[in-house]
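Structure, please.
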Amino acid sequence: MAAFAVSRSSCGLLSGLKASFKTFGQVKHGVASAAVAQSQLQQQARRCYSVSHLSVQERIDRKRNAALVGGGQKRIDAQHKRGKLTARERVALLLDKDSFVEYDMFVEHRCSDFGMEEDHNKVTRHNRGPYRNVMASGVVPQISLIMGPCAGGAVYSPALTDFTFMVKDTSYLFITGPDVVKSVTNEDVTQEELGGAKTHTAVSGVAHRAFENDIDALLNLRNFFNFLPLSNQDPSPVTECHDPSDRLVPGLDTIVPFETTKAYDMLDIIQGIVDEREFFEIMPNYAKNIVVGFARMNGRTVGIVGNQPKVASGCLDINSSVKGARFVRFCDAFNIPILTFVDVPGFLPGTSQEYGGIIRHGAKLLFAFAEATVPKITIITRKAYGGAYDVMSSKHLRGDVNYAWPSAEVAVMGAKGAVQIIFRGKSNQAEQEAEYVEKFANPFPAAVRGFVDDIIVPSTTRKRICRDLEVLSSKKQTNPWKKHANIPL
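This is a model prediction of the structure:
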């Protein structure tokens, strides 16, 4: 009985095992089928993904190539026909080779209704540009290069930058174009007359220089950029110099005429002193009675301000005061030492200047020099008369080093004018004038009073300036804390 029972139990167990193996086979077959199906689905998805990926990649390549050719070859040819470069050609010429890294290549305009924006909020968003210019002012140098038409509210952004350059015959700046001017004022005027390069570099003073074409402008901009620091936290650039710092300039000993009424060119003095005679003049065609620009002394960037005896005898007027003041403030904002060459008989007299506010505008130049904390070196080459002498970086405005040439005259006014006032009606004015010249028309009265630090031989000027700049390179000077100064605008 027991044996039978065992036998039956064994048979049942075997039957159960057979059933289990059968079920396992079915499951195994089902799993395999499912795996095959899943693999097929993955392959199909992979094929779909590959097709989609290729489609996206082709679209990327197509859009990238379209962006690289701008508006297409037809428009590129039209741009070249006008004597202008494309945007990419300009960037390639301006920057170091292979240094440009582009972002947002696939960004597109979102214009509708022929490009007209109906929503006022969309228009006002563009006003953030000038705001950024204001916030960056004095923090990083800002340069605008106008290479085409710029009108309406867009003109305020370049107006807020430190320097604005233009291209002759192809660039324009104006608030309203000729058509609007005609409709409002009935005045016929061309784009060039209204806002061309000549207008803004010689008449309005809005632009600082104009160049012949795009290539000339971009190459000059590259050169100009090398004079500037990257920010107000960086020192003024210093480059390798092959021009000896102790080089004498014998021609300077005879450059100032013996006759005080005879003119000479201040640019000859500046170019004779600076490294390699390289002087990048700013606003050369506007307010020509004052010269401003950048150069290097022993490899160090310096800003230069000088009266120009060739124009209006070097007198200061409204335009020259504003021109000089803005340049001095830029140099001070970016740690650039200032050299000042003085030959100034005074402020230009006359009702037009007084009515135009010469007192207020002249005070701007005084303000700029007084506020500046960078190294300031002044050289009086001939006349330094009256209030104009004070304004031109005198010792009274915290000038660090003030030199006089033997030809210098530091006085209230010229000998002839002084004698006519003091000895009015006297018969011996010629004798009195000669006596006045003997007493005051020389640098000794100023030297005796400490208004000049030394009377130097003109040919040694470069040597002295290079030495002084080295000594002053560690200068640290601050002004009293204030939210901001209130310059007489």
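
doesn't residue 410 make contact with residue 445?
Yes - between residue 445 and residue 410 there is a contact at 6.5 Å, judged by C-beta atoms under 8 Å. All C-beta spots, glycine's among them, are computed from the backbone N, C-alpha and C.

Pick out whichever of the two has more residues nearby.
Shown here are residue 445 and residue 410; by other C-beta atoms under 10 Å, residue 410 has more neighbours (24 against 15).

where in this protein is pLDDT low?
1-52, 111-127, 425 (pLDDT under 70).

Checking my notes, residue 302 in a strand, right?
Yes - looking at residue 302 with DSSP: H, G, I helix; E, B strand; the rest coil, it is inside a strand.

I'd say it and residue 280 touch.
No - applying C-beta under 8 Å as the test, residue 302 and residue 280 come out as separate, 11.2 Å apart.

Identify the contacts common to these two.
Residues touching both residue 302 and residue 280 by C-beta atoms under 8 Å, 6 or more residues apart in numbering: 294-295.

Nearest to the spatial middle of the chain, which residue is it?
Per C-alpha atoms, centre = their mean, the C-alpha nearest to the average position across the chain is that of residue 143, at 3.6 Å.

hang on, the earlier thing: tell me which of residue 302 and residue 280 has more neighbours.
Taking neighbours as other C-beta under 10 Å, residue 302 and residue 280 compare with residue 302 leading, 24 against 17.

Quick check: the gap between that one and residue 336.
Remark: distance between residue 302 and residue 336 (C-beta to C-beta, to the nearest Å) = 7 Å.

quick one: common contacting residues for those two?
Counting by C-beta under 8 Å, 6+ apart, the shared contacts of residue 302 and residue 336 are 236, 294.

what about the helices in the stretch 201-350 of the chain?
Per DSSP state H, counting those that start in this stretch, the stretch 201-350 of the chain carries helices over the ranges 214-225, 266-273, 318-333.

max-length strand in the protein?
strand 376-385 (DSSP state E).

I'd like the distance between residue 264 and residue 416.
20 Å.

Residue 364 - how many residues pack around it?
Close neighbours of residue 364, defined as other C-beta under 10 Å, add up to 22.

can you tell me which residues contact it?
For residue 364, the contact set (C-beta under 8 Å, 6+ apart) comprises 321-322, 325, 487-489.

residue boundaries of the strands in the stretch 251-400 of the chain?
280-282, 290-297, 300-307, 338-344, 376-385 (DSSP state E, counting those that start in this stretch).

Determine the number of other residues adjacent to residue 393.
Residue 393: 30 neighbours (other C-beta under 10 Å).

Excluding chain neighbours, what is closest to it?
Of all residues not flanking residue 393 in the chain, residue 340 sits nearest, at 4.0 Å (C-beta to C-beta, 6 or more residues apart in numbering).

tell me which residues form a beta bridge with the one you found?
residue 305, residue 378 (DSSP bridges).

correct me, but it touches residue 306?
Yes - if you go by C-beta under 8 Å, residue 340 and residue 306 touch, sitting 6.9 Å apart.

how far away is residue 79 from residue 85?
The gap separating residue 79 from residue 85 is 7 Å, by C-beta to C-beta.
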